[in-house]
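Engineer: next come a sequence and a model predicted from it.
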Protein chains: 2
Amino acid sequence: MPTPSMEDYIEQIYMLIEEKGYARVSDIAEALAVHPSSVTKMVQKLDKDEYLVYEKYRGFSLTTKGNKIGKRLVFRHDLLEQFLKIIGVKDENIYNDVEGIEHHLSWDSIERIVDLVQFFQEDESRIDALKEIQKQNEAE
Amino acid sequence: MPTPSMEDYIEQIYMLIEEKGYARVSDIAEALAVHPSSVTKMVQKLDKDEYLVYEKYRGFSLTTKGNKIGKRLVFRHDLLEQFLKIIGVKDENIYNDVEGIEHHLSWDSIERIVDLVQFFQEDESRIDALKEIQKQNEAE
DNA sequence: ACTAATTTTTTTCTATAGTAAACTTTTAAG
DNA sequence: CTTAAAAGTTTACTATAGAAAAAAATTAGT
């Protein structure tokens, strides 16, 4: 099982590869706001654990295992962003909150949140009712 | 700002004091599943940061600051348990998930979850509608 | 093709938080 | 009131993850 930090890297690498076809150390460092030296170290660990294949100075690509996990991590991340958005969390808090919690929820909880998002999407009046409660509570 | 680990200790100490009037190193160690030596070390740090007053071998008690924070942490923990319960997460996953995420949500998100819990509590048919969606999704 | 700039890697260092084992203090039993 | 057990503390060690600075490799400009 990858650690939370390993998950951050796998997720980010997956997204970069999806978006640009490849992932470089400096892109990852930038996206995760860490130093390139930290990226190199982690990439070496991810290679050892077979999430990717690493060739010094030449780059790396996800293994089947890494790719499969990456896909799930991105799905989970996007779901949680959607969820916080729906319940009215301010945009400026969403990224950090998702970043913090995504690694700590069981897949049971994730599935329940899938249902919950669907619950709100399939009948917009539910969102309105929630907003109404928020307005009430805000007033106090 | 306390780290996630510090929050765990403050929260646990607050609960023990509420429940029994005092908190001992061994109780905390037991509750958090760490060794007594880890508790001593952390208690010393919490004393240095003025969340509690520590007297070697004699015990400790929360400062006003520690008490105020402890109260909020326990509130947050209980809220998140309620939330996961309502959306149908299995009991055996709730504790770990809450333990994982509680330190990583902004107070903005916490307030939105307060509203969400109220949304479900104030009209039970909403819970039924959610359960209906869960049944559908489970079938697939 | 050569050198300068960029990118990546290595090495050494930091902080947090936990453990094990030895040690000290407190408490409780006789 | 002494001593054994229990509770708590210290010290030295571990792992994870990140940073700074120096070194190495790659790439880009001329």
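Structural biologist: That came in fine, so what should we check first?
Engineer: near DNA strand C, which residues of chain A?
Structural biologist: A:24-26, A:36-37, A:39-41, A:43-44, A:54, A:56-57, A:59 (C-beta under 7 Å from any atom of the strand). From N, CA and C alone the C-beta is placed, and that goes for glycine too.
Engineer: remind me, longest helix of chain A?
Structural biologist: Counting residues, the longest helix in chain A under DSSP state H turns out to be helix A:64-86.
Engineer: give the buried residues for that helix.
Structural biologist: For helix A:64-86, burial by neighbour count (16 or more other C-beta atoms under 10 Å in any protein chain shown) applies to A:66-67, A:69-70, A:72-74, A:76-77, A:79-84, A:86.
Engineer: stretch A:11-29: end-to-end distance?
Structural biologist: 13 Å (C-alpha to C-alpha, to the nearest Å).
Engineer: can you tell me the closest non-neighbouring residue to the residue most central in space within chain A?
Structural biologist: In chain A, the centroid-proximal residue (C-alpha atoms, centre = their mean) is residue A:77; its distance is 3.2 Å. Spatial nearest neighbour of residue A:77, chain neighbours left out: residue A:102 (5.5 Å); criterion: C-beta to C-beta, 6 or more residues apart in numbering or on different chains.
Engineer: so what's that neighbour up against?
Structural biologist: Neighbouring residues of residue A:102 by C-beta atoms under 8 Å, 6 or more residues apart in numbering or on different chains: A:7, A:73, A:76, A:77, A:80.
Engineer: re earlier: the longest helix of chain A and DNA strand D, are they touching?
Structural biologist: No. Helix A:64-86 lies apart from DNA strand D when judged by C-beta under 7 Å from any atom of the strand; the minimum separation is 14.2 Å.
Engineer: any idea how far that helix is from the chain center?
Structural biologist: 5 Å (C-alpha atoms, centre = their mean, to the nearest Å).
Engineer: likewise stretch A:87-101?
Structural biologist: For stretch A:87-101, the distance to the chain centre is 11 Å (C-alpha atoms, centre = their mean).
Engineer: how about that stretch and chain B, any contact?
Structural biologist: Yes. Against chain B, stretch A:87-101 shows contacts by C-beta under 8 Å from any C-beta of the partner chain at A:87, A:88, A:89, A:90, A:93, A:96, A:97, A:99, A:100, A:101.
Engineer: so which bits of chain A are right by DNA strand D?
Structural biologist: Applying C-beta under 7 Å from any atom of the strand, we find that chain A lies next to DNA strand D at A:3-6, A:8, A:32-35, A:37-38, A:41-42, A:45, A:57-58.
Engineer: rewinding a little: can you flag the buried ones in the residues of stretch A:87-101 next to chain B?
Structural biologist: A:87, A:88, A:89, A:93, A:97, A:99, A:100, A:101.
Engineer: return the member of those nearest to residue A:12.
Structural biologist: residue A:99 (10.7 Å; C-beta to C-beta).
Engineer: isn't residue A:63 right up against residue A:48?
Structural biologist: No. Shown here, residue A:63 and residue A:48 do not form a contact pair, counting by C-beta atoms under 8 Å, at 11.9 Å.
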